[in-house]
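Visitor: just a sequence and a predicted model for now, questions to come.
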There are 4 protein chains.
Amino acid sequence: MEETLKQIQRRLRNFAAVRDWDQFHSPKNLAMALIVEAAELVEHFQWLKEEQSTNLPGEKMAEVEQELADIQIYLIRLADKLDVDLMSAVNKKITLNERKYPVEKVHGSAKKYSEY
Amino acid sequence: MEETLKQIQRRLRNFAAVRDWDQFHSPKNLAMALIVEAAELVEHFQWLKEEQSTNLPGEKMAEVEQELADIQIYLIRLADKLDVDLMSAVNKKITLNERKYPVEKVHGSAKKYSEY
Amino acid sequence: MEETLKQIQRRLRNFAAVRDWDQFHSPKNLAMALIVEAAELVEHFQWLKEEQSTNLPGEKMAEVEQELADIQIYLIRLADKLDVDLMSAVNKKITLNERKYPVEKVHGSAKKYSEY
Amino acid sequence: MEETLKQIQRRLRNFAAVRDWDQFHSPKNLAMALIVEAAELVEHFQWLKEEQSTNLPGEKMAEVEQELADIQIYLIRLADKLDVDLMSAVNKKITLNERKYPVEKVHGSAKKYSEY
C-alpha cells in the first residue's frame, strides 16, 4: 500500500482509538455509515440535470468534496477493519471488469453485463 | 497525489474512453452508481449480528472485498470528473473532524456532533 | 388504518412468523434491508436520461414495479415493528411540508428548505 | 386502491403542481430522493445495537416516524408517476416470496433465496 493511504489509515485508527469509538466500528455499522455518506452525496445531485452536475457552483463543490472525503474515510476504515488492501482490490476488480465488458461488445452501451 | 492512485485514475479513464462510456459518467449518474455499490456492501451485512460482521467466512469475505473495490472505483472516477484530489480532501476532513469532536467531549459516545 | 394496509401488515407478520424470521427483523436490520431495495430501484435508473426514466420499456417496468413493492414491504414491516401508523404519519408530514415550503416562496425552485 | 392512499396520492400531486415541482419529479430523480430519505432512516440506527433499535427514546422515535413518512411519500409519488398500484404490487410480490422461500426450507435461516 502506498505511503499516503497508510498514513491516513493510521490517522483514522488513532482518531477512533483516542475517542474510544472502536466499539461502534463493526463492519456492519461502518457499512451503514458509508451508505449514509453516499446518500449525502446523492442529495446534492438529486434535483440537478446531468449537465448541471458537471458544473457545480463553488460553494456546492466544496460541500461535495467533503462528502467524497467522508465516503473515502469510511471506506478506508472498513477496509482496515476487514484487513483488505483497497488499491490492490481495485486493480484486481478493474482487470475482472475488462474481461466482463469486452470493448467490442459494449462500445457505447450502458447495458449491464448480465444483459449481454 | 500518490502514484498508485494516479495510475488507477488513468486506468479507469481509459476503461471508460475505449468503451465510449464517458457519455454515461456524469457526476449525477456516478453518484447513483456509487450508492448502488454501497448498498451491495450493506446487503452482505443486513442480517448479520455485529459480531458476525467482524468475522466473515472466506467466500463472503471475497465478495465484500469486491464491493469495497467497486465503491472505490466509482469514488475515484467521480473525484476525477470533479477534479477533486481525494486524499488531500480526506486529510482536510479529518482535521475538521478532530476539531468537531474533541476527545474530552466525545470519549466513548456515538452522539452526533450536532447533539453536543 | 385502512383495511388493505392492515391486511398486508398481518400477511407480512405471518410470513415472518412461520419462517421464524422475526429474530432477524430488528428495526436496525429492516432499515438496512429497505435501503438495499431502494438501491435496486436506483440501479434501474442510474444510466438513463431523465426522459428515458419516464418511459420505461415493459420488461424493465415490471422489474421496477417489484422493487417498489419490496420497498413498500419493508416499510410496512418496519412501521409495524415500531408501532407507527404509516398513512397518518404521511398526512402529518405533508401538512408540515406545506408550511415549510410555502407556495409563493418556492414556486418552480428545487432549493432545499434550509437554503431559503 | 383504498381511499386513504388515493387521497394521499392526490394531495401529493397537488402539492407538487402548485409549487411547479413536477419538472423535478422524473422517476430517476424521485428514486434518488427516496434513497436519500432511506439513508436518513439508516442514520438513526447506524451506531445502535439491534436491541437499542427496538426501543427508541421518544424524541428519536418522532424523528424516525418522520423518516418513514418521507420514504412513503416519495414511494407513493413515484408509483403515481409510473402508474403502479402499490398495494396490488405488494400483494403480488408477497405471493412470489411465499413461493421463493418455502417455510420448510428456510425456517430460521436468513440466507438469500439464491443461496438455496
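Guide: In hand now; what should we look at?

Visitor: any stretches of chain A with poor pLDDT?
Guide: Residues of chain A meeting the criterion pLDDT under 70: A:1, A:112-116.

Visitor: near chain D, which residues of it?
Guide: Contact residues, chain A versus chain D (CB under 8 Å from any CB of the partner chain): A:24, A:29, A:32-33, A:35-36, A:38-40, A:42-43, A:45-47. C-betas here are computed from N, CA, C, even on glycine.

Visitor: make a markdown table out of these and add secondary structure and neighbour count.
Guide: Formatted as a markdown table, the residues of chain A next to chain D follow (DSSP: H, G, I helix; E, B strand; the rest coil; neighbours: other CB atoms under 10 Å in any protein chain shown):
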| residue | secondary structure | neighbour count |
| --- | --- | --- |
| A:24 | helix | 19 |
| A:29 | helix | 24 |
| A:32 | helix | 27 |
| A:33 | helix | 21 |
| A:35 | helix | 32 |
| A:36 | helix | 24 |
| A:38 | helix | 34 |
| A:39 | helix | 27 |
| A:40 | helix | 19 |
| A:42 | helix | 24 |
| A:43 | helix | 20 |
| A:45 | helix | 24 |
| A:46 | coil | 22 |
| A:47 | coil | 20 |
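
Visitor: ok, the residue of chain A most remote from its centre to chain D distance?
Guide: For chain A, the largest distance from the centre (CA atoms, centre = their mean) belongs to residue A:104, which lies 28.7 Å off. Going from residue A:104 to chain D by CB to the nearest CB, to the nearest Å gives 29 Å.

Visitor: next, the buried residues of the helix or strand containing that residue.
Guide: Assigned by DSSP states H and E, residue A:104 belongs to helix A:103-106. By 16 or more other CB atoms under 10 Å in any protein chain shown, the buried positions in helix A:103-106 come out as residue A:106.

Visitor: distance from the chain centre to it, please.
Guide: 26 Å (CA atoms, centre = their mean, to the nearest Å).

Visitor: which strands and helices sit next to it?
Guide: Applying 3 or more CB pairs under 8 Å, 6 or more residues apart in numbering or on different chains; DSSP states H and E, we find helix A:103-106 packed against no helix or strand.

Visitor: up against chain C, what does chain A have?
Guide: A:32, A:35, A:47, A:49, A:50, A:110.

Visitor: cutoff 7 Å now
Guide: Within chain A, the positions adjacent to chain C are A:32, A:35, A:47, A:110 by CB under 7 Å from any CB of the partner chain.

Visitor: and the second one, what does it touch?
Guide: Listed by CB atoms under 7 Å, 6 or more residues apart in numbering or on different chains, the contact set of residue A:35 reads B:35, B:38, B:39, B:42, C:35, D:39, D:42.

Visitor: the first one now?
Guide: The neighbourhood of residue A:32, defined by CB under 7 Å, 6+ apart, consists of B:42, C:32, D:42, D:46.

Visitor: now swap in the third one and tell me
Guide: Residues in contact with residue A:47 (CB under 7 Å, 6+ apart) are C:110, D:24, D:29.

Visitor: residue A:46 versus the first one, what's the distance?
Guide: In this case it means residue C:110. The gap separating residue C:110 from residue A:46 is 8 Å, by CB to CB, to the nearest Å.

Visitor: give me the secondary structure label for residue A:20.
Guide: Under DSSP: H, G, I helix; E, B strand; the rest coil, residue A:20 falls in the coil class.

Visitor: quick one: secondary structure of the nearest residue to it once chain neighbours are set aside?
Guide: Nearest residue to residue A:20 in three dimensions, chain neighbours excluded: residue B:108, at 4.1 Å (CB to CB, 6 or more residues apart in numbering or on different chains). What three-state DSSP gives for residue B:108 is coil.

Visitor: quick check, residue B:108 in contact with residue A:17.
Guide: No - in this structure, residue B:108 is not within contact of residue A:17 by CB atoms under 7 Å, at 11.6 Å.

Visitor: pull the CA atoms of the helix or strand harbouring residue A:8 into PDB?
Guide: Per DSSP H and E: residue A:8 is located in helix A:3-18. Only the C-alpha atoms of helix A:3-18 are listed here, as PDB (Å, rounded to 0.1, in the frame of the first residue of the first chain):
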ATOM      1  CA  GLU A   3       2.500   5.700   2.000                       C
ATOM      2  CA  THR A   4      -0.300   8.400   1.900                       C
ATOM      3  CA  LEU A   5      -3.000   5.800   2.300                       C
ATOM      4  CA  LYS A   6      -1.100   4.000   5.100                       C
ATOM      5  CA  GLN A   7      -0.700   7.300   6.900                       C
ATOM      6  CA  ILE A   8      -4.500   8.100   6.600                       C
ATOM      7  CA  GLN A   9      -5.300   4.600   7.800                       C
ATOM      8  CA  ARG A  10      -3.200   5.100  10.900                       C
ATOM      9  CA  ARG A  11      -4.600   8.600  11.400                       C
ATOM     10  CA  LEU A  12      -8.100   7.200  11.400                       C
ATOM     11  CA  ARG A  13      -7.200   4.300  13.700                       C
ATOM     12  CA  ASN A  14      -5.800   6.800  16.100                       C
ATOM     13  CA  PHE A  15      -8.800   9.100  15.700                       C
ATOM     14  CA  ALA A  16     -11.200   6.300  16.700                       C
ATOM     15  CA  ALA A  17      -8.900   4.900  19.500                       C
ATOM     16  CA  VAL A  18      -8.500   8.100  21.500                       C
END
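
Visitor: I figured residue A:26 hits residue B:49, correct?
Guide: No - judged on CB under 7 Å, residue A:26 makes no contact with residue B:49 at a distance of 9.0 Å.

Visitor: out of the two, which sits in the more crowded spot?
Guide: Per other CB atoms under 10 Å in any protein chain shown, whichever of residue A:26 and residue B:49 has more neighbours is residue A:26, with 22 against 15.

Visitor: show me the contacts for the more buried one.
Guide: B:50, B:53, B:54.

Visitor: show me which of the residues you listed are buried.
Guide: Buried among these by 16+ other CB under 10 Å: B:50, B:53.

Visitor: export the contacts of residue A:26 to TSV and tack on secondary structure and distance to residue C:12?
Guide: Output for these, formatted as TSV (DSSP: H, G, I helix; E, B strand; the rest coil; distance: CB to CB, whole Å):
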residue	secondary structure	distance to residue C:12
B:50	helix	25
B:53	helix	26
B:54	coil	31
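
Visitor: quick check: residue A:85 vs residue B:72, distance?
Guide: Going from residue A:85 to residue B:72 by CB to CB gives 11 Å.

Visitor: which one of the two has more residues nearby?
Guide: A direct count of neighbours by other CB under 10 Å for residue A:85 and residue B:72 places residue B:72 higher, at 26 against 14.

Visitor: which residues touch the closest residue in space to the more buried one that isn't next to it in sequence?
Guide: Nearest residue to residue B:72 in three dimensions, chain neighbours excluded: residue A:90, at 5.1 Å (CB to CB, 6+ apart). Residues near residue A:90 by CB under 7 Å, 6+ apart: B:8, B:69, B:72, B:73.

Visitor: next one: residue A:46
Guide: With the criterion set at CB under 7 Å, 6+ apart, residue A:46 makes contact with D:29, D:32, D:33, D:36.
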